[in-house]
Every structure is written in C-alpha cells, then in structure tokens.
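Participant: build the 3D model from these lines:
(chains A and B)
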Amino acid sequence: MAAAKQLPGPQDLSDDEREALEALLFSLADDEFVIAERYTEWQVRAPTIESDISVANIAQDELGHARLYYDLLEDFGYDEPDLIWERDADEWRHSTLCELPFEEGDWADYVVRSFLFDEAEYIRLQALEGSSYPRLADRIGKIMAEEKYHREHARSWLERLCEDDESRARMQDAVDRLMPHALTLFAPTDEDIEARIDDLGIRTENLLTMREEWLDEVVPRLESVGLHVEEAQLPEQYDVHHADFDMPDELGRDQSHTDAWFDLYDEFTKSYRELGRHEAAKIMKDPDDE
Amino acid sequence: MYTRTTGIKMQSIGGPIGKWLLTIVNGREMDIETVKERAGPREFSAKDDMPEEYRKAATRMIQFHANSEIMGAYLERPFIRQAPSLERKLAFSAKTQDELGHGQLLYRAAESLGVKTRDEMLDELANGEGKFLNCFHYPMESWVETPMIAFFVDGAAMRRQATLKNTSWEPYAHAMDKVCFEEGFHVKHGEAILHELMTGSKKEQEMTQEAFEKWWPRIIQFFGPTDKQSTHHGFASEVGLKQMSNDELRRAFLNSYVPKAEKYGLEIPDTPRITKNDDGTYEVNEDDLDWDEFFQIAKNEYEPGVGQIDGRKKAQEAVAWVRESMDKHEQTIYGGGESPQAAD
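Facilitator: All right, here's what the predicted structure looks like:
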C-alpha cells in the first residue's frame, strides 16, 4: 500500500477523518480500560505474591495505555467524564473478550485472556506505528515496549500451565469460552468507517489481514501446548476456513455487549455517581509533557 | 538480581539446617544478657546466632507487620475498581501492589529468623491464626473511607515504621527503608483524596466527616493499648526490636494529625476525649475507647474481620491448583531439588 498522506492536527481534520479516528481510538482505549478492570480483580487474589505483583503491573500498563488513547480523544473537546464516567454503557466499543467475568480462582482465564489479547495487541500496534495521524503514531513506541513484555509473560504462563493434565483441562475450558470473544477484537465498528480508517492510512493493515496474522500466531501456539481450537484448521487453510468461526451475539465493537458489562460498568462508576461528581481528578502530568 | 521465591519452597538461609550451620560456625547461641547489652540499631543479622526467645519475638513482630500489609491491601482492593478517576484508579492499583511488595519483603525478613517459612505464615493468616492491625478488621464501604486508611492509618503506620529503621534485626530495618519510602507516597495519595473530598460538594464533606467519626477511635487504637496493658512490650524494647512505646507513638501521632485533620476541615469527635496539654501536645482519654472490641479483634474474633480473613482464604484456596501446578513444573525441571525460579 502506498504511504498515505499525513493527516493534520486534531483541529484541522475533516468530519470524516475525525469520525474514523474517534472510532479507532474508542476501540483502543476501551479495550485497554476494560481489560485492566478485569485484571485488577486479581489483585490480592492471585496464586502467589509474585504473580499478584505482576498482574498488578500489567493492569497498570493497560490503564496507562487507555490514558494515552483517551487523552488523544480529549483533543476533540471531550473530557474524562464524557469519555468514561458519564458515557452510557451501551456506547462503549471494547471487544467482549475484555468485559467477560470469570469464576473465582480461574487463573486459566487470566492466562488465556491475556495471551489472546496481547498477541492481538502486538499485531494491532504494528499496524499503527506508521499511522498517518502523527499524534497517534508518536505514542505507539512506548506502548509497544510494554506490550512486548506482556506477550512474553502470557506465553510463558501458557506453556507452564499446559504441562500437567489437570491444569491443561482448565486451560482448554478457558480457550473454548474465550476464543469466540477474542475474535471480536477484529470485528468492525462499522464497515464503512473501518474502510475509511484504512483508506486514510490511520492504520496500515486492515482488520481481516490482522485477524489472519493473529490466527497464524495463536492457533499453532495453542496447539503446540496441547490445546485445541474448535473449527480451526491448519494455518495454511485459514484463508478458506476462517469464516467458519462462530462469533458471539455481542461483538462489543458495534456497541453490543454482554450483561456482565453492564454490571461491571455499574461497579466502576459507583463512587463517581454516589459522590455526585462532575469531574475526574487528574493527578499526573499531561501525557504530552511526560 | 534477587531470587523470586515461589512461596512453595523454603528458600531462605534460615530454617533448621541454616540454624544448625550457624551453630557450627559460631559455636553457641548468644545469651539474652549479651543481646540486651548489644541491642542497637541494625545490630543483629543472620550471621548472629540469636537465642530462641529473640527469634520468636522478632518473628511475631515482623509476621504481624507482613500480615497487616496483605490484609490492608485486601481491604482496599475494591477501591481500585471504585476509584472515581482514571489516574486515581492507577494510583490505587499501584498502592495495592506496593503493599503486596511490602508483605513479600517482610515475610522474607521474618523467614530470615529461621522460625517459620513464608508458607507457614501465609497458612496461619488464612486459618485465622495470623494477627494483623486492628483497622484492617473493619469493613470499608465507601470511597470517602479511603483516606481514613490511606491518610490516617498509613500516616500512623509511617510513624511506627520510621522508628523501626533502627530496630535491632537488620533485615527488618532494611525492609523498612523501602517500605517507608513508598509509604510516603501512599500518605500523599491519601492526603490528596482527603483534600479533594473536603473541598468538594457539601455532600462529600458531610460523608467524609461521618466516615472520620466512625474511623477516628479505631485509628487511635492503632497504637494498641497503653504500655501497662501491652504484654509484649518489655522484652521487645529491651532487645532493641521495638524502638518507641505505644504511648509515645500515639502521642506523636496525635500531635501531628489532630492539626492536620482540622486543617482539612474535619471536626475531631467528642469521644474519645482528647485534651491539650500546656505545651500544646495532645493526650487521649483511654477509658473512652472500646478495649473489649479491640481485644476481640486482637484474637481474630471480631465478626467483620473474620469475614475478611475467610474471604481471603477462599480466594487463596481457589488458586491452590495453580500453585500445585507450579510445584509439578518445578519438580519436572529441577527434579524436586532446590529451584531458583518460579513463574511470577
């Protein structure tokens, strides 16, 4: 693909350009925010003190990434309450993988979820490094560095928990449950807008290509540790067969969500509502000054 | 690089074998009189062959401290989710993570005494035998309660911990260097939340005052009973483990925190009665505090606290399968011998 021309700064975008950017940024920011919300649930409940500390670390990285993406949306005149605290639950665009609840103690859920997410995240970030929107492209390097570590972490847990039959069975359950939702990471917000994101060069790979790339990465890895992916065929056959994957009813990206999301939303907005807040405290430096 | 222990295998140089080796090297245990004579800041470490009485007293103290870090984090964790701003959420997650890190460090310092392994101490905590700070036995329901812990309780803890930089067990003092450094940030974080609430809407201010009234007596009891009633104080002071008495610490806390509370617009409740001395220092009327409740808590028999202990136990049991799987992994790789690494 020929390099697209650079987009101007936030104030000089056309309506179409801005709409495309917003759809992409909301998908990115909401994914990070919501998956972090689930990760923090492991704090003070992880299997060991050491794993507790690392899941906290990863959750904070993801929250930090969400912060960077939401900050880019603030360029368009939104503030944090518009973006998080007062935005209706049915306007969020994260993949349903991020929002699903898990059973107490289901560490396999954490491992599989983060594995599926981090592999996707890595591919998605590669497609943003050369984004035509400089404000976005500039932030990818920092995020990418942290995501590389997350990917290593998830891969090593995946291998370790598949060594014995009992824990591998738990891992298989998690794969069966999470895989369809992970596919929604590559679902479109809206077909037209996704095409525009690609045409404008905001992203250098389209969703379908990224999904193929992701499947080529995750399916062989899962199979190499003795896990099975329903409906998946050998890698070279994906082109033919990927359409056979069952997608869940709720895709997330198109603002449809599972019931669990609405409960989660009520929980994390509880204090904000109880206190009758209208603003959200900023206590860190602006990302542009960091 | 430090070794990350799994919590599954004993890794420290303590334990019966470590102690036996030390006895070979040193010949004999230090007697109590020598310990008392030498007791000074950071005087003793694993290279000294400390008498059992010292090792047990130090273990009790450090284990209590480590348990408190874990149970404090357990109490605060719902507020990672409930934080009303993205950056506050980040800060709360980081604070909780720090507390776990302190627990990790302190259990290691306790293990170095060779009395108990970390696993044993964590088991005791789960079984309701492990003791921890009174304040962490109470439930927390609302965001307005968070500065009661993060500002007042952590501030009180800072007082005590600062003196422990001079405790006679060197690994404990060493742990305090890092703990105090990080706690400084936690107290600032708590203070900023308090400031935000007390400059917020009238409703927020009222809710915060109400929370303060509920927590204030518990916070004062943080320092424990008066020295007359404290059972372990004498020996711990004599061997340099404890640096300041309960009474001294409580007074120092009041002197600094009564003005701070007032500065933020909080009204000090009428009970317990607090009197101001001629020299401007504060004194609390101890008889106004509920010591029955305090001692019930100290025995881990206070209902809400029992709920917290059991809740944490249940969460830990639910992930026991992961620890077992990690054990099998280590046995496969290291053939059941000593293993240097585990998943984190």
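Participant: tell me if residue A:108 really is in a strand.
Facilitator: No - counting by DSSP: H, G, I helix; E, B strand; the rest coil, residue A:108 is not found in a strand; it is helix.
Participant: I figured it hits residue A:166, correct?
Facilitator: No - Residue A:108 lies out of contact with residue A:166 (C-beta atoms under 8 Å); the separation is 10.6 Å. (C-beta placed from N, C-alpha, C; glycine too.)
Participant: tell me the pLDDT of residue 118.
Facilitator: No chain specified, so I'll use chain A. Looking at residue A:118, its pLDDT is 97.
Participant: meant chain B, my bad for not saying
Facilitator: For residue B:118, pLDDT reads 96.
Participant: count of neighbours near the residue nearest to it when sequence neighbours are not counted?
Facilitator: Excluding its sequence neighbours, the residue lying closest to residue B:118 (C-beta to C-beta, 6 or more residues apart in numbering or on different chains) is residue B:107, at 4.4 Å. Neighbour count of residue B:107, defined by other C-beta atoms under 10 Å in any protein chain shown: 30.
Participant: who has more neighbours, residue A:108 and residue A:166?
Facilitator: Taking neighbours as other C-beta under 10 Å, residue A:108 and residue A:166 compare with residue A:108 leading, 28 against 12.
Participant: so who does that one touch?
Facilitator: Each residue near residue A:108 by C-beta atoms under 8 Å, 6 or more residues apart in numbering or on different chains is listed here: A:161, A:167, A:170-171, A:173-174.
Participant: could you flag which of these are buried?
Facilitator: For those, a burial check counting by 16 or more other C-beta atoms under 10 Å in any protein chain shown picks out A:161, A:167, A:170-171, A:174.
Participant: list just the nearest of the residues you listed to chain B.
Facilitator: Nearest to chain B among the buried ones among the contacts of residue A:108 is residue A:167, at 4.1 Å by C-beta to the nearest C-beta.
Participant: test my guess that the closest one contacts residue B:322.
Facilitator: Yes - at 7.3 Å, residue A:167 counts as touching residue B:322 under the criterion of C-beta under 8 Å.
Participant: overlap of the contact sets of these two?
Facilitator: Common neighbours of residue A:167 and residue B:322 (C-beta under 8 Å, 6+ apart) are residue A:161.
Participant: where does the residue nearest to residue B:118 land in three-state SS?
Facilitator: Going by three-state DSSP: residue B:107 is helix.
Participant: kindly report the same for residue B:115.
Facilitator: coil.
Participant: per-residue pLDDT, it?
Facilitator: Predicted confidence (pLDDT) for residue B:115: 97.
Participant: excluding chain neighbours, what is closest to the closest residue to chain B within the stretch 101-250 of chain A?
Facilitator: Evaluated by C-beta to the nearest C-beta, the stretch 101-250 of chain A has residue A:105 as its residue closest to chain B, separated by 2.4 Å. Distance criterion C-beta to C-beta, 6+ apart; nearest residue to residue A:105, sequence neighbours excluded, is residue B:318 at 2.4 Å.
Participant: is it true that the one you found touches residue A:47?
Facilitator: No - in this structure residue B:318 lies outside contact range of residue A:47 using C-beta under 8 Å: 9.3 Å.
Participant: and these two? Which one has more around it.
Facilitator: Neighbour count, other C-beta under 10 Å: between residue B:318 and residue A:47, residue A:47 has more, with 26 against 16.
Participant: ranges for the strands of the stretch 51-200 of chain A?
Facilitator: Ranges of strands within the stretch 51-200 of chain A: none, based on DSSP state E, counting those that start in this stretch.
Participant: what bits of it have low per-residue confidence?
Facilitator: Within the stretch 51-200 of chain A, no range satisfies pLDDT under 70.
Participant: just give me the closest of the buried ones among the contacts of residue A:108 to residue B:278.
Facilitator: Residue B:278 has its nearest neighbour among the buried ones among the contacts of residue A:108 in residue A:161, at 66.2 Å by C-beta to C-beta.
Participant: what residues are up against that closest one?
Facilitator: Going by C-beta under 8 Å, 6+ apart, residue A:161 touches A:107-108, A:111, A:167-168, A:170-171, B:322, B:325.
Participant: okay, these in TSV with distance to residue A:21 next?
Facilitator: Listed next are those as TSV, based on distance: C-beta to C-beta, whole Å:
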residue	distance to residue A:21
A:107	37
A:108	37
A:111	33
A:167	43
A:168	42
A:170	40
A:171	38
B:322	41
B:325	44
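Participant: nearest to residue A:227 among these?
Facilitator: residue A:171 (6.0 Å).
Participant: contacts only, for that closest one.
Facilitator: By C-beta under 8 Å, 6+ apart, the residues touching residue A:171 are A:108, A:111-112, A:158, A:161-162, A:225, A:227.
Participant: at 10 Å what do you get?
Facilitator: By C-beta atoms under 10 Å, 6 or more residues apart in numbering or on different chains, the contact set of residue A:171 is A:107-109, A:111-112, A:115, A:157-158, A:161-162, A:222, A:225-227, B:325.
Participant: helices of the stretch 1-150 of chain A, start to end?
Facilitator: Using DSSP state H, counting those that start in this stretch, the helices assigned to the stretch 1-150 of chain A run over residues A:15-40, A:49-74, A:80, A:96-99, A:107-126, A:134-160.
Participant: so which bits of the fifth one are buried?
Facilitator: In other words, helix A:107-126. Using 16+ other C-beta under 10 Å as the test for burial, helix A:107-126 gives A:107-125.
Participant: low-confidence stretches in the stretch 101-250 of chain B?
Facilitator: Looking along the stretch 101-250 of chain B with the criterion set at pLDDT under 70, you get B:227-233.
Participant: who in it is up against chain A?
Facilitator: Neighbours of chain A within the stretch 101-250 of chain B, by C-beta under 10 Å from any C-beta of the partner chain: B:101, B:103-105, B:107, B:118, B:122, B:142-144, B:146, B:188-189, B:192-193, B:196-197, B:200-201, B:203-204, B:207-208.
Participant: out of the residues you listed, list just those in helices.
Facilitator: B:101, B:103-105, B:107, B:118, B:122, B:146, B:188-189, B:192-193, B:196-197, B:203-204, B:207-208 (DSSP state H).
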